[in-house]
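K.L.:
Fold the following.
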Amino acid sequence: MRSVATKIFLAFGVSLLAFALVSAFGIARLHDLGRKLRLLSEGYLPLTRIAAQIDVKDWVATRVLDASVLDPASRRALVPLARARFPSLVREKIAEGRAVAGRARGVASGEEAAFLAEVVGRLDSLDAAWSRYDAAARALLDAAEAGEAPSEPGIQAARTMEKALAVDVKLLQAALESHTSELVLAAGREESRTALSIVIYALLALFVGIGAALISQRLLAPIRTLTEGVKGVASGDLTRQVEVRGSDELGVLAREFNAMAASLDRQRQELLLAERLAAVGRISAHITHEIRNPLNSLGLNAELLAEEIEPGASTEARALLSAITREVDRLNAVAEEYLRFARLPRPVMAREELNEILRGLVDFVAPEMAAAGVAVTRDLSPGLPAVWADEGQLRAVFLNLLRNSREAMPAGGTVAVRTARSADGGAEVTVSDTGSGIPAEQLERIFDPFFSTKSGGTGLGLAFTLQVVKEHGGTIRCHSEVSRGTTFSVCIPPAPADVAGSEETVKA
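P.N.:
Just a heads-up that it's a prediction; the model follows:
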């Protein structure tokens, strides 16, 4: 799972990479363009200038012929002048051209390096041809200076060499000028393409940057939603839920925020319910206390009246007195149940063995169960850890569950009591019956005070059970299927290790 920071970093990293690539492309193309311009300025242009300075047309043959028709004195004066006019810079220019071509090859590559190699080859050929021409020309001048008549083959050979040298020089000049022009045009086209490419790639990089900004904004948008949700909860709207999808930390935060808001709303509802129940409990306790004395008086007077009636009195009168006594007893039982729920005493905690408590309780209710046609089975796990509990209150809890199971099976059935070690190392007790079960729509309310699925029930039995289990730090669950039965599971934590082996009881 990538975090929001990682995603934003990746988005801007891609944007920076795009701009870096554009910059690298521009630098590379400009560097290549600069290399070509340097090749032009330091290579081809100097070579073209050097080639233009090489001139070998009609240097020797014409002067030798002119000297042959002169008298000896004039000839001796003309030949030294011819020697002086014989160009000696050709060899220097060829050497200079080689040096320039060598330096240019250091920055050239590909076709440019091949062309410069060809130029060097032409300069080498020109140098060799010049050496041959130089030897022939010097031989003609020496003969003219000695007064010898020039031979026609020598003159023709010199002219042929001069023309060949002139052609080679012109070809070299033409090749250099043509290649220089092509390179200038190519550099211009490349400059235009480079500028266009940089603009296009820069726009693409800009779009990537805009995309990264939009992605970052989208990733951070849930923060605004969360902020609005927090403000709503702070203003008291605990039903506020925020819609943030994803598996990053913002998605986790949104789900936790929704869970927190739901928990706060549930706790507020429970607090309101607890306040109402507390008020109802106080009122019920007061009313119950006020009616218990009159009820006791009514019951006592009914018993006294029954004793005063003569044996021969009407059966109807005795039946009425018996009904009054039963109703008074029932009302007293209801009043006791209300008082017990409203004034649950603090548990007196001690190390207790659940198996022992359940054995005694099952033996106690066995006759009552048998009379109702209910069979009780027990499966008590040996080695069950001791619990830290109030024996009397636990007996009341399991007695209430057993009697509820009996009342759920008016035609008889089976109740199974089992114990086992719970997942937290404590003890778990399950009470299962084969009764009619509880409908799903009522299952969530069975622990609510004053809610009952039985006609004439007070709805305080399971509320009292839940209250006692919570006082002991335990939990209670109910699983029920209509027409198949109901199972209650009660988990009680183990006794603390620091009171192991101690029989001393303390007030919780």
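
K.L.:
C-alpha from now on. contacts and neighbour counts both.
P.N.:
OK.

K.L.:
Against which helices or strands is the longest helix seen in the chain packed?
P.N.:
Using DSSP state H, we find that the single longest helix of the chain is helix 152-234. Applying 3 or more CA pairs under 8 Å, 6 or more residues apart in numbering; DSSP states H and E, we find helix 152-234 packed against helix 4-39, helix 45-53, helix 61-68, helix 111-145, helix 249-308.

K.L.:
now for those helices, which one comes closest to Ala371?
P.N.:
helix 249-308 (27.9 Å; CA to CA).

K.L.:
What mean pLDDT does that closest one get?
P.N.:
In this model, helix 249-308 has a mean pLDDT of 71.

K.L.:
got a list of what the closest residue to Tyr201 other than its chain neighbours touches?
P.N.:
Nearest residue to Tyr201, sequence neighbours excluded (CA to CA, 6 or more residues apart in numbering): Val22, at 5.9 Å. With contacts defined as CA atoms under 8 Å, 6 or more residues apart in numbering, Val22 is in contact with 198, 201-202, 205.

K.L.:
circling back to that earlier point, using TSV, lay out the helices and strands packed on helix 152-234 together with distance to Leu238.
P.N.:
Output for those, formatted as TSV (distance: least, CA to CA, whole Å):
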stretch	distance to Leu238
helix 4-39	27
helix 45-53	84
helix 61-68	116
helix 111-145	78
helix 249-308	5
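
K.L.:
how about low-confidence regions in the stretch 401-508 of the chain?
P.N.:
For the stretch 401-508 of the chain, the stretches with pLDDT under 70 are 450-460, 498-508.

K.L.:
need the helices for it, in chain order.
P.N.:
440-443, 461-471 (DSSP state H, counting those that start in this stretch).

K.L.:
Return the shortest one as PDB; C-alpha atoms alone will do.
P.N.:
It stands for helix 440-443. Output in PDB follows, covering the C-alpha atoms of helix 440-443 (Å, rounded to 0.1, in the frame of the first residue of the first chain):
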ATOM      1  CA  ALA A 440     -34.100 -12.100  14.500                       C
ATOM      2  CA  GLU A 441     -35.800  -8.700  14.700                       C
ATOM      3  CA  GLN A 442     -36.100  -9.100  18.500                       C
ATOM      4  CA  LEU A 443     -32.600 -10.600  19.100                       C
END
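
K.L.:
Can you list the helices and strands that it packs against?
P.N.:
strand 475-481.

K.L.:
Can you tell me which helices and strands the strand it packs on packs against?
P.N.:
Using 3+ CA pairs under 8 Å, 6+ apart, strand 475-481 sits against helix 440-443, helix 461-471, strand 485-492.

K.L.:
which one of these lies closest to Gly188?
P.N.:
helix 440-443 (85.4 Å).

K.L.:
Was I right to think Thr434 contacts Gly413?
P.N.:
Yes: under the criterion of CA atoms under 8 Å, Thr434 makes contact with Gly413 at 5.9 Å.

K.L.:
quick one: which of the two has more around it?
P.N.:
Thr434 (23 against 19; other CA atoms under 10 Å).

K.L.:
Need phi/psi at the more buried one.
P.N.:
phi -110, psi 40 (degrees, to the nearest 10).

K.L.:
Leaving out the residues flanking it, which one is nearest to it?
P.N.:
Using CA to CA, 6+ apart, the nearest residue to Thr434 is Gly485, at 4.2 Å.

K.L.:
Quick check, the one you found in contact with Gly435.
P.N.:
Yes: between Gly485 and Gly435 there is a contact under CA under 8 Å: 4.5 Å.

K.L.:
Compare these two (neighbour count), which wins?
P.N.:
Gly435 (25 against 21).

K.L.:
show me the contacts for that one.
P.N.:
405, 408-409, 413, 483-486.

K.L.:
so where is the stretch 51-200 of the chain shaky, pLDDT-wise?
P.N.:
55-89, 141-142, 144-151.

K.L.:
mind checking how far stretch 435-450 is from the chain centre?
P.N.:
For stretch 435-450, the gap between its own C-alpha mean and the chain's C-alpha mean amounts to 43 Å (CA atoms, centre = their mean, to the nearest Å).

K.L.:
actually stretch 113-121, sorry about that
P.N.:
60 Å.

K.L.:
Alpha carbons only: can I get that stretch in PDB?
P.N.:
Extracted in PDB, the C-alpha atoms of stretch 113-121 (Å, rounded to 0.1, in the frame of the first residue of the first chain):
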ATOM      1  CA  ALA A 113      35.200  12.100 -39.800                       C
ATOM      2  CA  ALA A 114      35.100  10.100 -43.000                       C
ATOM      3  CA  PHE A 115      35.100  13.300 -45.200                       C
ATOM      4  CA  LEU A 116      38.000  14.800 -43.300                       C
ATOM      5  CA  ALA A 117      39.900  11.600 -43.800                       C
ATOM      6  CA  GLU A 118      39.200  11.900 -47.500                       C
ATOM      7  CA  VAL A 119      40.500  15.500 -47.400                       C
ATOM      8  CA  VAL A 120      43.700  14.400 -45.700                       C
ATOM      9  CA  GLY A 121      44.000  11.700 -48.400                       C
END
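
K.L.:
now Ile200: how far from Thr430?
P.N.:
76 Å (CA to CA, to the nearest Å).

K.L.:
higher neighbour count, those two?
P.N.:
Taking other CA under 10 Å, Ile200 and Thr430 do not tie; Thr430 has more neighbours (21 against 13).

K.L.:
Would you mind confirming that that one is in contact with Ser489?
P.N.:
Yes: Thr430 is in contact with Ser489 according to CA under 8 Å; the separation is 4.4 Å.

K.L.:
and the residue nearest to Pro439 when sequence neighbours are not counted, backbone torsions?
P.N.:
Excluding its sequence neighbours, the residue lying closest to Pro439 (CA to CA, 6+ apart) is Val482, at 6.0 Å. The phi/psi pair for Val482 (degrees, to the nearest 10) reads phi -60, psi 130.

K.L.:
In contact with Val482, which residues?
P.N.:
436-439.

K.L.:
Relative to Glu441, how far out is it?
P.N.:
Taken as CA to CA, the span from Val482 to Glu441 is 11 Å.

K.L.:
mind listing what the closest residue in space to Arg122 that isn't next to it in sequence touches?
P.N.:
Nearest residue to Arg122 in three dimensions, chain neighbours excluded: Leu172, at 7.3 Å (CA to CA, 6+ apart). Contacts for Leu172 (CA under 8 Å, 6+ apart) come out as 51, 119, 122.

K.L.:
tally of neighbours for the first one?
P.N.:
What it means is Ala51. Neighbours around Ala51, by other CA under 10 Å: 23.

K.L.:
so it makes contact with Val169?
P.N.:
Yes: Ala51 sits in contact with Val169 when judged by CA under 8 Å, with a separation of 6.6 Å.

K.L.:
Please work out how many residues are found near the residue nearest to Val469 when sequence neighbours are not counted.
P.N.:
In space, and not counting its chain neighbours, Val469 is closest to Thr475: 6.2 Å by CA to CA, 6+ apart. Thr475 has 17 neighbours, counted by other CA under 10 Å.
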